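A.B. asks: Got a predicted structure here, sequence first:
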Protein chains: 2
Amino acid sequence: MADYSSTRSDTVAQDETRSLIAASKVEGTSVYNRRAESLGSIYDVMIDKRSGKVAYAVMSFGGFLGMGERYHPLPWAVLDYDERQGGYVVDLDKQRLQNAPSYGVNETPDWSNRDYGRRIDEYYGVPRGGI
Amino acid sequence: MADYSSTRSDTVAQDETRSLIAASKVEGTSVYNRRAESLGSIYDVMIDKRSGKVAYAVMSFGGFLGMGERYHPLPWAVLDYDERQGGYVVDLDKQRLQNAPSYGVNETPDWSNRDYGRRIDEYYGVPRGGI
């Protein structure tokens, strides 16, 4: 059985490091704003089946022991990973987050409705599709 | 607090349905070959941080109660979702899968090495990057 898990490149000069991250690692990662305030953590990742692109990261926010918790879909494009903080940084103050599109833990948004994604994209000022 | 979770479009004619799927839903989904033989199930999804594209789905395969289990990264592009079977279909016979790049449960492939991904892409005959 072929096993390439420990294979190293023979060429020293790599054009660039390909940066891959497991979805399971993204999930649970903290999200901060630019003031280093904690906003929540990534709960799930929404993949566009056709393009294979991650369109939204769903952030869980607020609540205590699951009560009052809400999910905020954030366009993937607005998330910057910050090595120092060990989490994603979004340019978003708490007030703006509270008014952002969100849904409760017992709700399921209609992701098949393009208008739903469009509202998220518009709120965060990213191009349509968020991708 | 804004809530768009139950918003429906006013326009009846949608150009196309945007098809989004949660990574948490992809995980655990069965994978079959074209003979409807079960090959395994999706264990994780590898995201290219720069492009935001899903590059690989990692399929767990074989083993019993975790023993002898191996992970096979499959380029996202080779996976077709089949509604009828309720799983992904890959054009891959079992023999070819056994010789495919894989790693053990206690191994971690060097995803930062572009050659690792390149070997996977070459094995499955997809363009470099798999995306």
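C.D. replies: Looks like it arrived, so ask away. Predicted model only: the values in this text are computed from it and were never measured. Residues are numbered from 1 along each chain as shown, chains lettered A, B, ... in the order given.

A.B. asks: is chain B contacted by the strand or helix carrying residue A:31?
C.D. replies: Assigned by DSSP states H and E, residue A:31 falls within strand A:30-33. No: counting by Cβ under 8 Å from any Cβ of the partner chain, chain B has no neighbours in strand A:30-33; the shortest distance is 15.3 Å. C-beta coordinates here come from the backbone N, C-alpha and C atoms, glycine included.

A.B. asks: what packs against the helix or strand of chain A with the lowest mean pLDDT?
C.D. replies: The weakest-scoring helix or strand in chain A, judged by mean pLDDT, DSSP states H and E, is helix A:94-98 (a mean of 88). On a contact count with 3 or more Cβ pairs under 8 Å, 6 or more residues apart in numbering or on different chains; DSSP states H and E, helix A:94-98 meets no helix or strand.

A.B. asks: Tell me the helix or strand right after it.
C.D. replies: Counting by DSSP H and E, the next helix or strand C-terminal to helix A:94-98 is strand A:103-104.

A.B. asks: and that following strand, how far from the chain's centre?
C.D. replies: Chain-centre distance of strand A:103-104: 16 Å, with Cα atoms, centre = their mean, to the nearest Å.

A.B. asks: Return the alpha-carbon coordinates of the biggest helix by length in chain A using CSV.
C.D. replies: Looking across chain A with DSSP state H, the single longest helix is helix A:114-124. What follows is helix A:114-124 as a C-alpha-only set of coordinates in CSV (Å, rounded to 0.1, in the frame of the first residue of the first chain):
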residue,chain,number,x,y,z
ARG,A,114,-29.7,32.7,-2.8
ASP,A,115,-31.2,35.8,-1.2
TYR,A,116,-30.2,34.4,2.2
GLY,A,117,-26.5,34.4,1.2
ARG,A,118,-26.8,37.7,-0.6
ARG,A,119,-28.0,39.4,2.5
ILE,A,120,-25.0,38.1,4.4
ASP,A,121,-22.6,39.2,1.7
GLU,A,122,-24.2,42.7,1.5
TYR,A,123,-24.1,43.1,5.3
TYR,A,124,-20.4,42.4,5.3
